[in-house]
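**Q** following is a predicted model, sequence given first.
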Amino acid sequence: MNIKKILKLSIISLMASQYLYSEELKEDTKDTVSLPSITINARKETEDAQELPFGIFVIDGKEIREKGFFSTEEILRTTPGVSINTSGGANVSSVSIRGVGALYPLSMDDASVAVNMDGSPISSRHLSLATFDIEQIEILKGSQGTLFGGLGGAGAINITTKKPTQYTEGYFQSEFAEEEHKVDLAIGGSLTESLSTRIAVHQSSYEYPITNIQTGEPVSQPNLLGVRGGLLWDISDDTSALLTIEHQKSEHMGENIVLQPYNDDPKMDLTPGIYDNSYKELDKQSLQIKHIFNNSQLTSISSYSDVYNISPVVFDRLVYQAMMGSSNEYWREQESSDKVFTQDLRLSSLPGADIFWVVGASFLDSDRTYNHSRMGGANFVVYPGNHQFRDFDTKRYGVYAETTIPINEKWKITGGIRQTWDYKKYKATYTQNFNSVQDHDELNDSFTTGRLGVTYALDEDSNLYATVSKGYNPGGFQDYGENKGDAKFKAGSIYSAEVGIKSELLNHRLRINSSIFYTSVKDNYMIDSTGVSSFVVNADTKSIGYELALNWLVTENFNLAGNFAYTEATIRDYVNNSLGGPVDSGNEVPDTPKVQGTISLAYKKALPNINILNASSKLNTRLDYTYMSKRAADVQNHYDLDAYSKVDMHVGLISGDKEIYIYGKNIFDEYYDLYGFYDNATSVKYGAPSKGRIVGLGFKYTF
């Protein structure tokens, strides 16, 4: 595929659309049906997504519930331009955007992609936890260095949960299939004239799509439980305080290391019950206080999270036989904790102000551990005298400012800058056959990030924009070090540019966003592994690509949406000092497909009056298609993960405030890879398969 041809055709099509529709369709005011506007919090204040000079993908809570996603990780896997590397465990998600990010899962505080929930940062390693009672999720593409500093070199993910309201509202939703079930409940309303509350509960369970040879059953059946409560106090007309408390727990999740090829019948040979004691718990509290002045607003967000995870990393008998020539089993118990306090204080313009501006300061204090507390083999036999204990302490300070200023009726300029200071300490004890080695180090760093953009209004419904930005990946200490001196990795710098157009046509019934981008990363970091040994090497990378997003409300009842991303991401260095083998210049960045695309069709139809149905009954249907081309499994490009297509569906009957529906996920039962690994010493390949076909029944009640 020739990217120049794609860009040329896209620009021509956009210009043609603008020419054909801009005049004659603006005169047609009879049709009042239009797409809802998209407001986001990309810059920590409510703004129109069409006005911002960078690429944004938004999915709202209604669509999340209708598609039946269990986690944010699943949502990102269907987002063109975003890549996920995961083995299916509770603590292993690694994210990249537009081919930018760590070239292999590296550390729980990997800063490639910032993740924020209700304005406070969380680790991308928590994306496998339950996604429930969501207002919307925003994926901000390109470096977000102004507001997130060294936590958004590739982009950012903003998760916004539902807030309490003064009116009573909520919903109950349940889904059941042979392989999974899910129940969601949310209710909120006023307690007094100044106090309102909301409580949400989620419980779900599903089967890993892998059979344990020893039992003939799935290797494990993870359970997820989430509870969130919010209390909003309207202290006065100008001041409010929002307290949110959340608890989540996942059980029986573990990393899946499955010998390839596994085709449509993946198997593992391991001791039954090895995941039974695995669990992850997250407790998070946040307090947001907002005060509105005559011409500005002051916002303070404080948060504290406490996360604990314990689970095995298992090389089953099939993998161990292929790698070591012995029909044994080997596991390591990974145990981690993460206690994080954050504070963000900012002064900003009021929503809708002619000039947007924000100035602020932030602080993060993290105390984290990652340990291999026990190692063993089959039937839970523990190998004594072998373990690793690691402690990581991080303090991060930042000050930032950004503004968008209209120069005249057509032109706006956006500028932002941030200064960040990082202080990190690391200490570890590595024990092999009762022989212990101590390791410790520290790192101090300061860096400047930001962006400069310009927007030109072609007309009242179309904006042309260009943005350049600088991001930064702070140095640090990797989780998987096993020997003294191999944990530290150096920082990387990110330079990106983006040009695009955002248009609304057909009386705001058709929204088309299109962009081209280029990103250069100096000293991108990657973990280098063979077997269970690892260290960190660095390599320069670059990515260039094109993205197109379309949303067309064809009629009041029929919506067509599509997203397309073409990304060519390559490694620019020759790296010879690699355990996994040399890395050639020109190799493809792993886990980054050249082509990703989605098409969604949603159709509703009023049904004729039938005695057993409510007069307002409707047929509610949607069909979602996802495509991902092949992508490299590792930095050496030993082999590619296959391309795949996935089709999901929803057919429901809405009667008043209730809906009963049939849903199908991956209805053509196509297995695909969640990640891939190649052991250079033995030429063994392993990975983790996706879920197969799931068909179930659902019920939803909204009030």
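**A** Cool, the structure landed.

**Q** correct me, but Gly229 touches Arg198?
**A** Yes: contact criterion CB atoms under 8 Å: Gly229 and Arg198 qualify, at 7.2 Å. C-betas here are computed from N, CA, C, even on glycine.

**Q** for the two, indicate the residue with more neighbours.
**A** More crowded of Gly229 and Arg198, by other CB atoms under 10 Å: Arg198, with 22 against 16.

**Q** check which helices and strands the helix or strand containing the more buried one sits against.
**A** According to DSSP states H and E, Arg198 maps onto strand 195-206. Strand 195-206 sits against strand 180-190, strand 223-234, with contacts defined as 3 or more CB pairs under 8 Å, 6 or more residues apart in numbering; DSSP states H and E.

**Q** how about those strands in JSON lines, adding distance to Thr211 and mean pLDDT?
**A** Output for the helices and strands packed on strand 195-206, formatted as JSON lines (distance: least, CB to CB, whole Å; pLDDT from 0 to 100):
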{"stretch": "strand 180-190", "distance to Thr211": "16", "mean pLDDT": "97"}
{"stretch": "strand 223-234", "distance to Thr211": "19", "mean pLDDT": "97"}
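
**Q** in a markdown table, list those strands along with distance to Leu282.
**A** Output for the helices and strands packed on strand 195-206, formatted as a markdown table (distance: least, CB to CB, whole Å):
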| stretch | distance to Leu282 |
| --- | --- |
| strand 180-190 | 18 |
| strand 223-234 | 9 |
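
**Q** which one of the ones you listed lies closest to Gly385?
**A** Gly385 sits nearest to strand 223-234 of all the helices and strands packed on strand 195-206, at 34.0 Å, using CB to CB.

**Q** parallel or antiparallel, which strands does the helix or strand that the closest one is followed by pair with?
**A** Using DSSP H and E, the helix or strand that directly follows strand 223-234 along the chain is strand 239-251. Note on strand 239-251: by DSSP bridges, its sheet partners are strand 223-234 (antiparallel), strand 279-292 (antiparallel).

**Q** and the residue most central in space within the chain, what element?
**A** A centroid search over the chain (CA atoms, centre = their mean) returns Leu76, at 4.9 Å, as the residue closest to the centre. If you go by DSSP H and E, Leu76 is part of helix 72-77.

**Q** just checking, next helix/strand downstream of that helix?
**A** strand 82-85.

**Q** pLDDT averaged over that next one - what is it?
**A** Per-residue pLDDT values across strand 82-85 average out to 91.

**Q** for that strand, packing partners?
**A** So strand 82-85, by 3+ CB pairs under 8 Å, 6+ apart, packs with helix 72-77, strand 94-97, strand 673-679.

**Q** out of the ones you listed, which comes closest to Ser496?
**A** Nearest to Ser496, of those and by CB to CB, is strand 94-97 at 10.4 Å.

**Q** state the distance from Leu191 to Tyr171.
**A** 20 Å (CB to CB, to the nearest Å).

**Q** show me which of the two is the more surrounded one.
**A** Tyr171 (19 against 13).

**Q** surely that one and Thr702 touch.
**A** Yes: at 4.5 Å, Tyr171 counts as touching Thr702 under the criterion of CB under 8 Å.

**Q** okay if I get the strands paired with strand 239-251 as CSV plus distance to Ser690?
**A** Shown next, in CSV, are these (distance: least, CB to CB, whole Å):
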stretch, distance to Ser690
strand 223-234, 18
strand 279-292, 21
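
**Q** ok now do Val589, which residues does it touch?
**A** Neighbour list for Val589: Ser96, Gly99, Leu103, Thr541, Ser543, Ala569, Thr570, Ile571, Ala632, Val635 [criterion: CB atoms under 8 Å, 6 or more residues apart in numbering].

**Q** typo on my end, Gln432
**A** Gly385, Asn386 are the contacts of Gln432 under CB under 8 Å, 6+ apart.

**Q** what's the longest strand in the protein?
**A** strand 435-459 (DSSP state E).

**Q** quick one: that one to chain centroid distance?
**A** Strand 435-459 sits 19 Å away from the centroid of its parent chain (CA atoms, centre = their mean, to the nearest Å).

**Q** list the buried residues for that strand?
**A** By 16 or more other CB atoms under 10 Å, the buried positions in strand 435-459 come out as Asp439, Leu443, Asp445, Phe447, Thr449, Gly450, Arg451, Gly453, Val454, Thr455, Ala457.

**Q** what's the first helix or strand after it?
**A** strand 462-473.

**Q** tell me the helices and strands packed up against that next one.
**A** helix 145-148, strand 435-459, strand 492-505, strand 510-530.

**Q** now do 10 Å
**A** helix 3-21, helix 145-148, strand 411-432, strand 435-459, strand 492-505, strand 510-530 (3 or more CB pairs under 10 Å, 6 or more residues apart in numbering; DSSP states H and E).

**Q** now render the ones you listed as TSV, adding distance to Ile654 and mean pLDDT.
**A** As requested, the helices and strands packed on strand 462-473 are arranged in TSV below (distance: least, CB to CB, whole Å; pLDDT from 0 to 100):
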stretch	distance to Ile654	mean pLDDT
helix 3-21	32	41
helix 145-148	40	81
strand 411-432	42	94
strand 435-459	38	94
strand 492-505	28	94
strand 510-530	25	84
